[in-house]
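[1] give me coordinates for this.
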Amino acid sequence: MPIVLDNLKESNEFLNLILENINSAILIADENMRIHQFNKSFLSLFDHAADRVFESSFGQISGCVNAVKENKSCGGTSQCQFCVLRKTLLQTLAEDYPVDRKAMERVFYIKGRPVLKCLEVTSRLIRFHGQKMILVIIYDISEIEEQKKKLEKQQQQINHELETAGEIQKSLLPDSDLEIDNIVIAWRFEPSGHIGGDIFQIHKISEEQIGIYMLDVCGHGVSAALVAITISQFLMSLHNYMRLTGKVFNPEAVMNRLDKEFPMERFDCFFSIAYTTLNIETGRFIYSNAGHMPPLILRSTGYLEMLGNHGTPIGIGFGATFGQEEKQLHAGDRLILYTDGLIENFGTDGEREGKNRFHTFMENSHHLPTQDLVDKVFEEANRQRGGSAPSDDMSLIAVEFTKKVHVSI
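    Coordinates of the predicted model:
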């Protein structure tokens with residue numbers, strides 16, 4: 001028997017050691033919320049001396065805002081009937097109903113100042129000194145909640161800035177009401193996030209020539225979008241120079257200028273771009289491709305022609321050469337520029353299958369008006385991937401040539 005008593009004594013000492021060193025506040029209270037036992041963390045949490053705690057109510061000792069303002073004990077204030085904590089603990093006592101980490105917010109007066117505390121409360125029914133009482137464990141999560149609120153506020157600010165950046169990026173896309181003689185333009189852009197690394201535009205170079213490009217910066221998010229916007233600004237300046245001076249650079253020359261202006265070491269990234277100049281009177285166009293998805297010609301008959309000229313992405317270096325090729329559009333033919341994100345999102349079974357499916361869809365939908373064709377492509381891409389969010393930015397621009405031109409052979 002002495003061994004058993006010694007073990008019990010050691011167990012109690014061990015248990016008391018744990019209770020006194022645990023960070024959570026622990027107390028034992030009766031049905032009137034009078035405190036019969038507590039640990040040091042309880043005193044620290046509510047900043048009270050031990051000699052003031054015994055037989056006092058929780059509201060008075062904790063500095064509950066309602067108990068302090070009305071100078072009454074727990075159960076006696078006008079707000080006690082609405083107190084979630086009181087209802088929860090009394091339910092534990094009356095129904096042996098355990099509670100695990102129930103969240104609550106309450107103002108407590110600590111050192112005479114009102115302090116908002118965010119707490120989590122766990123309760124269990126126990127017998128203490130022969131009476132039914134409530135064991136209460138209080139976790140102070142005020143600092144955690146404060147950090148969460150700060151992070152949420154910061155995230156809201158980031159989201160607002162991203163939305164603003166997204167609107168800026170969209171403002172650099174073609175005008176929705178852009179009208180140019182002899183062509184019909186339709187386009188669509190869906191970034192995988194607020195902003196993306198895709199950008200495209202149509203610029204008037206002269207009375208007869210327009211410049212069209214589609215580019216895709218390697219990567220996603222803010223950094224890719226900033227580089228895309230910078231490239232767009234550069235091309236806008238270049239097109240304005242050509243329009244004002246009458247000196248027109250062919251697509252290959254534009255690629256060389258881009259490669260010189262945007263080396264890898266400047267932005268630590270590279271990008272692909274398909275660039276073309278189109279004569280809106282004759283339907284003749286010249287294109288160059290720097291590592292981009294091959295442009296397509298969707299003929300009025302439904303035949304799909306893939307343009308094979310292909311160079312290295314801009315910024316790779318190593319003495320890149322780009323080349324260029326000339327093609328002819330006839331009335332009803334459409335020039336199609338797009339990014340690989342559209343192909344990747346045209347299903348979930350890989351780029352090759354996505355590309356084949358995309359090509360087949362374009363051929364089968366050639367009879368649709370140009371804007372309807374573009375919209376249907378995106379609807380089909382969404383259907384193919386099961387309605388999930390796009391994994392990459394998706395962009396497509398279609399330029400239909402409408403003028404009937406006699407082309408001599």
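[2] which other helices and strands contact the helix or strand containing residue 94?
    Taking DSSP states H and E as the definition, residue 94 sits inside helix 84-95. In this structure, helix 84-95 makes packing contacts with strand 99-110, strand 113-128, strand 131-140, judged by 3 or more CB pairs under 8 Å, 6 or more residues apart in numbering; DSSP states H and E. C-beta here means a position set from N, CA and C on the backbone, and glycine is covered the same way.
[3] deepest-packed of these, please.
    Highest mean neighbour count among those (mean count of other CB atoms under 10 Å): strand 131-140, with a mean of 19.
[4] convert that strand to PDB, retaining C-alpha atoms only.
    Extracted in PDB, the C-alpha atoms of strand 131-140 (Å, rounded to 0.1, in the frame of the first residue of the first chain):
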ATOM      1  CA  GLN A 131     -19.500  18.000  -6.300                       C
ATOM      2  CA  LYS A 132     -20.300  18.200 -10.100                       C
ATOM      3  CA  MET A 133     -18.200  20.900 -11.500                       C
ATOM      4  CA  ILE A 134     -16.800  22.100 -14.900                       C
ATOM      5  CA  LEU A 135     -13.300  21.700 -16.000                       C
ATOM      6  CA  VAL A 136     -12.500  24.600 -18.300                       C
ATOM      7  CA  ILE A 137      -9.500  25.000 -20.600                       C
ATOM      8  CA  ILE A 138      -9.000  28.400 -22.200                       C
ATOM      9  CA  TYR A 139      -6.700  28.900 -25.100                       C
ATOM     10  CA  ASP A 140      -5.700  32.500 -25.800                       C
END
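[5] so after that strand, what's the next helix or strand?
    helix 142-171.
[6] mind listing residues that contact the next helix or strand after that following helix?
    Toward the C-terminus, helix 142-171 is succeeded by strand 183-190 as the next helix or strand (DSSP H and E). If you take CB atoms under 8 Å, 6 or more residues apart in numbering as the criterion, strand 183-190 is touched by 170, 173-174, 178, 196, 198, 200, 202, 210, 278, 280, 370-371, 373-375, 377-378, 390, 393-402.
[7] let's see that with 7 Å instead.
    Contact with strand 183-190 is made by 173-174, 178, 198, 200, 202, 280, 370-371, 374-375, 378, 390, 394-402, as judged by CB atoms under 7 Å, 6 or more residues apart in numbering.
[8] now, the residues you listed that are in helices?
    Judged by DSSP state H, helices contain the following of the contacts of strand 183-190: 370-371, 374-375, 378.
[9] could I get these as a markdown table with distance to residue 117, neighbour count and pLDDT?
    Putting the ones in helices among the contacts of strand 183-190 into a markdown table (distance: CB to CB, whole Å; neighbours: other CB atoms under 10 Å; pLDDT from 0 to 100) gives the following:
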| residue | distance to residue 117 | neighbour count | pLDDT |
| --- | --- | --- | --- |
| 370 | 62 | 20 | 96 |
| 371 | 58 | 15 | 95 |
| 374 | 56 | 22 | 96 |
| 375 | 54 | 15 | 95 |
| 378 | 51 | 18 | 92 |
